[in-house]
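> Everything below, folded, please.
(one chain, ligands or ions: 1)
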Amino acid sequence: MPDLQAHYPLEPSASDMQAMGQDILTRIVEHLDQLSQMPSCGDIEAQALCSELGKEPTPDGETPLKEVLDPLFSDWIPRSFTTPGPGYLGFIPGGGVFTSALADFIATATNRYTGVWKAAPVLLQLESNVLRWFAEWMGMPSTTRGLLTTGGSQANFGAIVSARESLLGEALRDGVLYTSSQTHLCVRKSARLAGILPDRVRVVGVDAKYRMRVDELAETIQADRAEGLKPFFVASSAGTTNTGSIDPISDIADLCTKEGLWHHVDGAYGAFFYLCPDLQPRLAGLPRADSIALDPHKSLFLPYGTGALLVRDGKVLRAAHAATAEYLPEPQGHEEFYEPSQYGPELSRDYRGLRAWLPLKVHGVSAFRAALIEKHELAVSAAKRVAALPGVVMDADPQLSLFAFHLSWTGSDQAAENAATQQMLERVNARGRVMITGCSVDGQFMARVCVLCFRTHAESMDRCVEDIATEVAAAMAEKVA
Ligand SMILES: Cc1ncc(COP(=O)(O)O)c(C=O)c1O
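Numbers count the residues shown, from 1 in each chain. Okay, here's the model as predicted:
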């Protein structure tokens with residue numbers, strides 16, 4: 001028998017597949033085992049390496065897998081923020097649970113087509129179940145339909161497109177969309193991409209706790225109506241990225257109902273905390289939203305590339321995205337079944353349902369709820385200790401799992417405070433044990449700590465508080481010296 005494998009390099013033999021898989025699994029387990037020892041900011045000084053790599057020619061011949069994997073694991077992966085590590089407290093973490101990675105491997109290795117229902121009905125049913133679970137967790141009704149997206153940005157975009165189609169039709173130019181000064185940038189970007197130009201996007205002010213001012217929102221809506229414009233969409237935040245503030249969702253829902261506006265909640269950071277009974281009152285009104293953007297790759301700890309959109313009236317989501325062609329199977333018209341291509345912009349797509357369904361099935365939702373409760377408690381405890389440090393002004397207490405603060409001292413002005421806070425943050429990060437990031441709100445630079453990696457536990461937070469305490473003390477000593 002001729003050795004057929006030699007003729008088909010893209011089809012490795014069963015034993016080769018076993019060996020390659022085993023090699024990669026061994027490296028991954030080792031990598032994950034070392035996460036807590038890696039510098040949280042990673043070694044991102046990589047300009048020279050990137051320039052060199054940028055000259056890489058098309059590989060003509062074969063390279064042994066080992067030669068490809070060695071630098072990837074030993075050098076290239078470590079040259080990134082250690083986002084899955086316990087010390088990663090910057091931006092909005094998440095982590096990426098291992099069972100989700102296994103699900104991705106299964107999904108890509110079996111590579112079934114999940115753009116249309118007919119091609120993989122049972123696999124799509126699993127994804128549909130995940131969306132129904134999400135809707136149930138958010139307290140949304142059974143009319144709700146949704147889509148697993150690539151992230152929160154795409155989910156926010158889908159919400160704007162659905163509202164625009166249903167409330168404005170072709171009269172785009174008159175439609176006005178409302179955000180706050182703390183709304184995530186992707187909402188304004190999505191508005192632009194959806195044809196709502198910047199002069200029709202209002203930025204409503206916030207109160208002392210960085211929450212959208214409902215009185216100002218109401219006044220702005222009236223002013224726009226008086227101009228003959230058509231207010232149609234309010235984006236509130238269930239946890240802002242800068243300070244973790246939660247907009248008055250219930251009051252905004254009341255106003256939107258009264259005014260006939262679509263109320264969208266960007267819950268990319270915070271909405272999954274609605275799973276925690278004690279935190280539900282902080283997010284009161286969430287179940288009344290017309291749509292919610294969720295980010296399972298943040299507060300459900302799934303790998304990057306996993307977002308979700310829920311729309312209360314599923315028919316509206318479908319009407320905004322329905323499209324087909326003669327060469328495709330007739331879309332499943334049955335309400336009960338999930339046809340992703342009719343609910344979003346993609347046709348061919350990765351099977352992202354499994355990476356959410358499998359971990360939820362294997363661990364159960366209670367494991368995720370417990371982790372969220374733990375992150376909240378860790379943030380509350382750390383914030384209390386940081387707030388007690390001389391020189392610290394707590395700008396935002398943790399509503400969910402994020403707090404923000406800056407340095408201040410007798411006679412300080414904003415420019416000096418900003419410089420000192422920035423320097424303190426950099427020094428904390430240089431110690432390597434944690435990574436925190438900053439933000440500017442109304443000219444005030446704040447250091448922010450977001451506890452949301454599922455691997456972050458009490459020891460990491462103790463290290464975080466210790467390093468902040470050391471560097472705050474050093475900064476204060478410099479100020480009085
Ligand atoms: C509140 C909020 N909304 C939306 C987004 C955008 O989500 P993604 O990065 O998944 O597109 C983020 C990202 O950090 C966020 O924090």
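
> how about the residue of the stretch 301-450 of the chain found nearest the ligand, what does it touch?
In the stretch 301-450 of the chain, the residue that lies nearest the ligand is Gly307 (5.2 Å; C-beta to the nearest ligand atom). In this view, the C-beta of every residue, glycine as well, is placed from N, C-alpha and C. Gly307 makes contact with 148-155, 268, 293-297 under the criterion C-beta atoms under 8 Å, 6 or more residues apart in numbering.

> I'd say Ala458 and Leu378 touch.
Yes: with contact defined as C-beta atoms under 8 Å, Ala458 reaches Leu378; the gap is 6.6 Å.

> Compare these two (neighbour count), which wins?
Ranked by neighbour count (other C-beta atoms under 10 Å), Ala458 and Leu378 place Leu378 first, with 23 against 12.

> and that one, which of the three is it?
Here Leu378 is recorded as helix under DSSP: H, G, I helix; E, B strand; the rest coil.

> so what's it up against?
Contact analysis of Leu378 by C-beta under 8 Å, 6+ apart lists Ser401, Val451, Thr456, His457, Ala458, Met461.

> Swap in 7 Å and give it another go.
Val451, Thr456, Ala458, Met461 (C-beta atoms under 7 Å, 6 or more residues apart in numbering).

> just for the chain, where's the confidence low?
1-6, 333-334, 481 (pLDDT under 70).

> are any of the contacts of Leu378 buried, and which?
Buried members of the contacts of Leu378, counted by 16 or more other C-beta atoms under 10 Å: Val451, Thr456, Met461.

> hmm, back to that, next, check the contacts of Leu378 against the helices and list the overlap.
Within the contacts of Leu378, residues falling in helices by DSSP state H are Ala458, Met461.

> Format the contacts of Leu378 as TSV; extra columns: distance to Gly87.
Shown next, in TSV, are the contacts of Leu378 (distance: C-beta to C-beta, whole Å):
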residue	distance to Gly87
Val451	11
Thr456	8
Ala458	13
Met461	10
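
> Most widely separated two among the contacts of Leu378?
Val451 and Ala458 (10.7 Å; C-beta to C-beta).

> mind listing what Ser80 touches?
Gly42, Ile44.

> That one belongs to a strand?
No: counting by three-state DSSP, Ser80 is not part of a strand but coil.

> From the ligand, how far out is it?
To the ligand, Ser80 is 16 Å away according to C-beta to the nearest ligand atom, to the nearest Å.

> Same question for Leu148.
Remark: distance between Leu148 and the ligand (C-beta to the nearest ligand atom) = 12 Å.

> Can you pull the phi/psi pair for that residue?
phi -80, psi 130 (degrees, to the nearest 10).

> and it, how many neighbours?
As a burial measure, Leu148 scores 31 neighbours (other C-beta under 10 Å).

> I'd assumed Asp350 was in contact with it.
No: using C-beta atoms under 7 Å, Leu148 makes no contact with Asp350, being 9.6 Å away.

> Please list the residues of the protein that sit near the ligand.
Proximity of the chain to the ligand, by C-beta under 6 Å from any ligand atom, involves residues 92, 151-153, 184, 186, 237, 241, 266, 268-269, 295, 307.

> Adding secondary structure, write those residues out as CSV.
Output for these, formatted as CSV (three-state DSSP):
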residue, secondary structure
Ile92, coil
Gly151, coil
Gly152, helix
Ser153, helix
His184, coil
Cys186, helix
Ser237, strand
Thr241, coil
Asp266, strand
Ala268, coil
Tyr269, coil
Asp295, coil
Gly307, strand
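
> Which parts of the stretch 351-481 of the chain are strands?
Taking DSSP state E, counting those that start in this stretch as the criterion, the stretch 351-481 of the chain contains strands spanning 392-396, 402-407, 437-441, 444-450.

> which stretch among those comes nearest Leu172?
For Leu172, the closest of the strands of the stretch 351-481 of the chain is strand 437-441, at 31.5 Å, according to C-beta to C-beta.

> Parallel or antiparallel, list what pairs with the closest one.
strand 444-450 (antiparallel) (DSSP bridges).

> Name the surrounding residues that touch the partner strand.
Under the contact criterion C-beta under 7 Å, 6+ apart, strand 444-450 has outside partners 89-93, 243, 382, 395, 401-406, 414, 418, 421-422, 424-425, 436-439, 464.

> Narrow those to those that are buried.
Here, 16+ other C-beta under 10 Å leaves 89-93, 243, 382, 395, 401-406, 418, 421-422, 424-425, 436-439, 464 buried among the contacts of strand 444-450.

> number of nearby residues for Ala322?
If you count neighbours by other C-beta under 10 Å, Ala322 ends up with 13.

> Leu53 too?
Residues lying near Leu53 (other C-beta under 10 Å) number 11.

> quick one, phi/psi of it?
Per degrees, to the nearest 10, the backbone of Leu53 is at phi -60, psi -30.

> residues touching it, list them.
The neighbourhood of Leu53, defined by C-beta under 7 Å, 6+ apart, contains no residues.

> how near is it to Asp75?
10 Å (C-beta to C-beta, to the nearest Å).

> can you check Ala235 too?
Taken as C-beta to C-beta, the span from Ala235 to Asp75 is 41 Å.

> more crowded one of those two?
When neighbours are counted by other C-beta under 10 Å, Ala235 and Asp75 differ, and Ala235 comes out ahead with 30 against 12.

> Is that one bridged to anything, and to what?
His264.

> Ala163 versus that one, what's the distance?
On the measure of C-beta to C-beta, Ala235 and Ala163 end up 10 Å apart.

> okay, and the common contacts of those two?
His264.

> Excluding sequence neighbours, find me the nearest residue to Asn242.
Cys439 (4.3 Å; C-beta to C-beta, 6 or more residues apart in numbering).

> Return the residues in contact with the one you found.
Cys439 neighbours (C-beta under 7 Å, 6+ apart): Asn242, Ala404, Met446, Arg448.

> repeat that for 10 Å
By C-beta atoms under 10 Å, 6 or more residues apart in numbering, the contact list for Cys439 reads Phe91, Gln182, Thr240, Thr241, Asn242, Thr243, Asp395, Ala404, Phe445, Met446, Ala447, Arg448.
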